[in-house]
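> Build me a structure from this.
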Amino acid sequence: MLNHIHDFHDPSFIETGVTENGLIRTTRGRRVDFSYEKRATLEEGERLVVDSTGDRRDTDYCYCPYKDCRSSFTLSVRLYLHIRNVHDRKFPLIKSRQERALMTMSGEKVDITANPQRKRFDAGEKLTIVYKHVIHPNQAGYRCPYYGCIRASNIRSRLFPHIREMHDPSFPVINRAHGNYIFKSGLTKREIDFKEQFMRRFDKIKVVYSNN
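Model (predicted):
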């Protein structure tokens, strides 16, 4: 992310030392949150700067859980990249925007806060990422109809925001006032029952109301 900012938006932005010596703020003093849910766009004339003298709090940081490693990061995703690059080349890459947690292979949640009593791990111990609120397709009643997508749910309507975000921003909002409805593929005209996956990248879901 920070390399992207430097390469594509502001060549004068300096990433070095950000994760250990300071926070990222705008030139107008606003603190920047890079999470997907809380992200905000810069106003005209604003730039990003490193505030190494600002309010640094331990709660702002994610700490490496391995013994003898003192690395800390303002973003959990950068901690995960650090683990992969330094401690475990087979540590998984982030594959989703879903809420996630760092876990041991036995299912114990890993504390990455500044807690002095937190458990530290020896070199070679394996950690992984577990995504929350994910239902395996074989255990769910409905699955995303886009081919190769892993999202599934026991409630069909919970797939609609996912489709709108990840596959088709124009996916329509259901208007129940128009009566009963079914879903169809825009390309093949096949009815979509959210039980199988056959839709391709450029296909779109159409809502067909019984009153039409």
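> Now do the contacts for residue 190.
184, 198 (CB atoms under 8 Å, 6 or more residues apart in numbering). Bear in mind the C-beta positions are built from the backbone N, C-alpha and C, glycine included.
> Against residue 196, how distant is it?
If you measure residue 190 against residue 196 using CB to CB, to the nearest Å, the figure is 10 Å.
> what do you get for residue 176?
25 Å.
> These two: which has the busier surroundings?
Taking neighbours as other CB atoms under 10 Å, residue 176 and residue 196 compare with residue 196 leading, 11 against 8.
> Now do the closest residue to the more buried one other than its chain neighbours: how many residues are near it, please.
Nearest residue to residue 196 in three dimensions, chain neighbours excluded: residue 145, at 7.1 Å (CB to CB, 6 or more residues apart in numbering). Using other CB under 10 Å, the number of residues around residue 145 comes to 22.
> Residue 145 and residue 204 touch, don't they?
No. Taking contacts as CB atoms under 8 Å, residue 145 lies outside contact range of residue 204: 11.1 Å.
> Okay, now the unreliable bits of the chain?
The chain contains residues with pLDDT under 70 at 1-25, 27-45, 49-60, 96-98, 106-107, 131-140, 148, 201, 212.
> With just CA atoms, put stretch 79-94 into PDB.
Presented in PDB, the C-alpha positions along stretch 79-94 are these (Å, rounded to 0.1, in the frame of the first residue of the first chain):
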ATOM      1  CA  LEU A  79       2.600  -7.800  10.100                       C
ATOM      2  CA  TYR A  80       1.300 -10.800   8.000                       C
ATOM      3  CA  LEU A  81       3.700  -9.900   5.200                       C
ATOM      4  CA  HIS A  82       6.500  -9.600   7.700                       C
ATOM      5  CA  ILE A  83       5.800 -13.100   9.100                       C
ATOM      6  CA  ARG A  84       5.800 -14.500   5.500                       C
ATOM      7  CA  ASN A  85       9.000 -12.700   4.500                       C
ATOM      8  CA  VAL A  86      11.000 -13.200   7.700                       C
ATOM      9  CA  HIS A  87       9.700 -16.200   9.700                       C
ATOM     10  CA  ASP A  88       7.700 -18.500   7.500                       C
ATOM     11  CA  ARG A  89       7.700 -18.500   3.700                       C
ATOM     12  CA  LYS A  90       4.600 -20.700   3.600                       C
ATOM     13  CA  PHE A  91       2.500 -18.300   5.700                       C
ATOM     14  CA  PRO A  92      -0.700 -17.600   3.700                       C
ATOM     15  CA  LEU A  93      -1.200 -14.400   1.800                       C
ATOM     16  CA  ILE A  94      -4.300 -12.300   2.500                       C
END
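> Which parts of the chain are strands?
23-26, 48-51, 62-63, 72-73, 100-104, 127-131, 142-143, 152-153, 181-185, 191-192, 205-209 (DSSP state E).
> Can you check which of those strands gets nearest to residue 84?
strand 127-131 (10.1 Å; CB to CB).
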